[in-house]
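**Q** heads up, no residue letters with this:
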């Protein structure tokens, strides 16, 4: 499709190219509507309607399906993450990318959306994430990191990469989480059309409370830091709200997780009513009266010391909660640390079960 790409930061000059494909990133002041095309889920978004999808990688595949004719001379991205890497890869190496379309899209979803992927996608996501973080720590230029990723992407997919053993071993926490749910050690209970509750009993939690309340960062590699990764829940509940209730001495930890894709400008994915992410894609407005009422009800019933904090501006600590996305509701202490609630999982679920119907 195209044989040249550049990483162009927002402060750089526009590249010397007539027609540019801006992949997984806003073209900003470089974008010219009369000559260029955005293939992105960033906000604000100029992606043509026929290409819009979930990840920017999937958007680029849709462009490959029905390309706009013309002498496209350059693909441009402005940052380093898995979806950005794979968006450009699809355009630069379309033959291999199309052969592994599902795997590549799933890997992008694992990074950008905390989504689920089958083993080849897991290897690709994990391999790319580990590689780009390592090379970034070595202060290598982003352009050279892209070059190395493109050379090694096929090896991560088919498990022939020299780092394959370490990559596979590092994915063990993901496999363990799936196994805990599949054998019922962690209970998965559908509480409504759009709400699922995960119950983590004391025998599963053990002394690992810090792993239970851990919120992975954007594009974070799988590790032992979390006990139940959001990618595990996405195997069954990618477009559902998840209430995670973990038993602790004296009560329960409760976290409400929204779908991880909500920050992006996506198509054909369920949106939580009332949530709108701003153009910085890091802050959001949330106006959902039923959820606000439910949180007020939880606070009235709560007998433990602490606050039910919601990232919508109606409760204390909402700004700190916004930085924890995709967690949007949790019971916290005065230092905004996860606290132990005395409300049972059944009580919390009953208050929330009708909110998203």
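**A** Received it, and whenever you're ready, just let me know what you need. Treat the numbers as computed from the prediction; the structure is a model and nothing was measured. Numbers count the residues shown, from 1 in each chain.
**Q** could you list every residue that touches the residue nearest the centre of the chain?
**A** Centroid-nearest residue in the chain: residue 113, 2.2 Å away (criterion: Cα atoms, centre = their mean). By Cβ atoms under 8 Å, 6 or more residues apart in numbering, residue 113 lies in contact with 54-55, 234, 238, 259-261, 264. C-beta here means a position set from N, CA and C on the backbone, and glycine is covered the same way.
**Q** For my notes, confirm residue 6 occurs in a helix.
**A** No: Residue 6 is assigned strand when assessed by DSSP: H, G, I helix; E, B strand; the rest coil, not a helix.
**Q** Verify the stated contact: it with residue 15.
**A** Yes: the pair residue 6 and residue 15 qualifies as a contact (Cβ atoms under 8 Å) at a distance of 5.5 Å.
**Q** what's the overlap in contacts for the two?
**A** Listed as contacting both residue 6 and residue 15 by Cβ under 8 Å, 6+ apart are 74, 76.
**Q** what about the two, which has more around it?
**A** Comparing residue 6 with residue 15 by other Cβ atoms under 10 Å, the one with more neighbours is residue 6, at 17 against 14.
**Q** follow-up on the earlier one: per-residue confidence at the residue nearest to the centre of the chain?
**A** pLDDT, residue 113: 98.
**Q** One more: the one 10 residues further on?
**A** If you check residue 123, the pLDDT there is 98.
**Q** who touches it in this structure?
**A** By Cβ under 8 Å, 6+ apart, the residues touching residue 123 are 156-157, 159, 164, 167-168, 171.
**Q** Narrow the contacts of residue 113 to those in strands?
**A** In strands, defined here by DSSP state E, there are no members of the contacts of residue 113.
**Q** hang on, the earlier thing: can I have the buried ones of the contacts of residue 123 as a ChimeraX selection?
**A** In ChimeraX syntax, the buried subset of those is picked out as below (16 or more other Cβ atoms under 10 Å):
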select :156,157,167,168,171
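**Q** Show me the two of the contacts of residue 123 that sit farthest apart.
**A** Farthest-apart pair in these is 157 and 171; separation 14.0 Å (Cβ to Cβ).
**Q** and this structure, what are its domains?
**A** Domain ranges of the chain: 5-170, 186-352, per automatic domain parsing.
**Q** Could I get the ones you listed in JSON lines, plus columns for distance to residue 176?
**A** Formatted as JSON lines, the domains of the chain follow (distance: least, Cβ to Cβ, whole Å):
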{"stretch": "domain 5-170", "distance to residue 176": "12"}
{"stretch": "domain 186-352", "distance to residue 176": "9"}
